[in-house]
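Enquirer: turn this into a structure:
(one chain, ligands or ions: 1)
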Amino acid sequence: IRKIGVFTSGGDAPGMNAAIRAVVRACTYYKKDAYGIMRGYEGMIEGDLVKLGARSVGNIIQRGGTILKSARSEEFRTAEGRKKAYENLKAEGIEALVAIGGDGTFTGLHKFYEEYRVPSVCIPGTIDNDLPGTDYTIGYDTATNTAVEAIDRIRDTALSHNRLFFVEVMGRNSGYIAINSGIAGGATGIVIPEENMSFDQLYNLLGADKETSKKSNLIVVAEGSKIGDANTLARKVAERSSYFDIKVTILGHLQRGGAPTYFDRVLASKMGIAAVEGLMQGQKDVMVGIKDNKIVYNDFNTIMAQKHHEIDSESLRIAKILSI
Ligand code: F6P
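Expert: Numbers count the residues shown, from 1 in each chain. As a prediction, this is how the structure comes out:
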């Protein structure tokens with residue numbers, strides 16, 4: 001393999017730039033040519049490629065977002081779209097791909113591999129930490145730290161006004177950001193899709209019907225909550241009791257931006273190098289992961305069959321004890 005294409009796709013995540021940098025520098029180190037593919041699969045279909053060298057990825061390790069930009073491509077879902085993409089890669093002589101993204105990105109690349117046999121390595125980059133085959137995805141640590149910082153600020157004002165806040169965090173169908181920002185932020189309750197907490201259980205946690213209960217509380221709600229989003233839960237509590245002065249804050253996309261933490265920078269650097277080394281060793285259709293602090297290559301079919309990255313029962317147990 002002499003020419004390797006790298007791209008970011010799906011939702012951006014802090015640390016993606018550090019991963020791009022590591023891929024490009026590993027290519028330079030091993031005397032391979034690196035090409036950046038702009039806007040993920042869209043750029044692949046349009047032939048929007050840029051040659052990258054060790055110096056073109058300077059001063060990006062600390063930057064959020066992705067210098068290669070990102071998109072969610074509908075056209076790549078079609079056979080014609082993938083054919084165009086393949087022809088562009090072939091014309092440029094690109095023989096292998098490194099994708100940085102989430103499960104949508106990987107599913108597309110797996111299909112592409114099955115059709116055109118272009119050796120591909122995926123690097124898990126998503127704030128959701130929802131991918132099996134790795135303990136951590138790039139961006140998750142930063143997003144969770146951002147959520148904790150926001151929760152700390154909300155707590156100040158919640159206490160001053162004796163208010164009950166529902167804080168909604170991202171994560172798609174995963175409760176990772178919620179459970180750990182909730183534990184670290186000292187939340188009274190944490191609502192995540194993985195746990196079958198009923199609305200009544202949540203309501204009882206607040207102790208609204210006891211005159212002595214505290215009025216200032218903070219509930220962290222994962223956006224994938226199965227018992228309603230933060231606005232719905234706030235409305236339902238208000239319908240049942242006038243005891244609380246209730247506010248809702250949806251953290252939204254602020255969790256996606258910002259400088260990556262040291263953890264995400266190091267993780268991205270390890271995974272970026274592992275992706276290039278994996279291709280050189282003959283890996284073809286895999287996702288890089290980190291398990292017990294060691295790099296692993298997961299066969300694509302095996303990890304996709306697992307589907308969800310489960311939250312460890314210890315975190316759930318801790319959250320329960322602390323919300324007493
Ligand atoms: O997958 C990352 C993520 O930020 C999810 O947490 C969220 O549900 C989704 O992307 C939001 O997508 P978009 O940026 O397209 O609105």
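Enquirer: only C-alpha atoms from now on, for both contacts and neighbour counts.
Expert: Fine.
Enquirer: SS state for Arg55?
Expert: At Arg55 the chain is in helix, as set by DSSP: H, G, I helix; E, B strand; the rest coil.
Enquirer: what does the pLDDT read for it?
Expert: Arg55 carries a pLDDT value of 95.
Enquirer: how many neighbours does Arg55 have?
Expert: By the criterion of other Cα atoms under 10 Å, Arg55 has 11 neighbours.
Enquirer: no, scratch that, I was asking about Lys69
Expert: For Lys69, using other Cα under 10 Å, the count is 19.
Enquirer: kindly report the same for the one 4 residues further on.
Expert: In terms of burial, Ser73 registers 20 neighbours under the definition other Cα under 10 Å.
Enquirer: quick one: average confidence on stretch 246-266?
Expert: 98.
Enquirer: need the residues that contact that stretch.
Expert: With contacts defined as Cα atoms under 8 Å, 6 or more residues apart in numbering, stretch 246-266 is touched by 12-15, 18-19, 61-65, 127, 138-144, 146-147, 150, 163-170, 230-231, 234, 238.
Enquirer: please indicate which of these are buried?
Expert: Buried members of the contacts of stretch 246-266, scored by 16 or more other Cα atoms under 10 Å, are 12-15, 18-19, 61-65, 127, 138-144, 146-147, 150, 163-170, 230-231, 234.
Enquirer: which of those come close to the ligand?
Expert: Ile127, Met170 (Cα under 6 Å from any ligand atom).
Enquirer: which of the buried ones among the contacts of stretch 246-266 fall in strands?
Expert: Of the buried ones among the contacts of stretch 246-266, the ones assigned to strands by DSSP state E are Arg163, Leu164, Phe165, Phe166, Val167, Glu168, Val169.
Enquirer: tell me the pLDDT of Gln306.
Expert: pLDDT at Gln306 comes out at 85.
Enquirer: same question for Gly11.
Expert: Gly11 carries a pLDDT score of 96 in this model.
Enquirer: pretty sure it contacts Gly101?
Expert: Yes - counting by Cα atoms under 8 Å, Gly11 does reach Gly101; the two are 7.3 Å apart.
Enquirer: more crowded one of those two?
Expert: Set Gly11 next to Gly101 and count neighbours by other Cα under 10 Å: Gly101 wins out with 26 against 19.
Enquirer: so that one makes contact with Gly10?
Expert: Yes - proximity of Gly101 to Gly10 meets the contact threshold set by Cα under 8 Å, at 5.8 Å.
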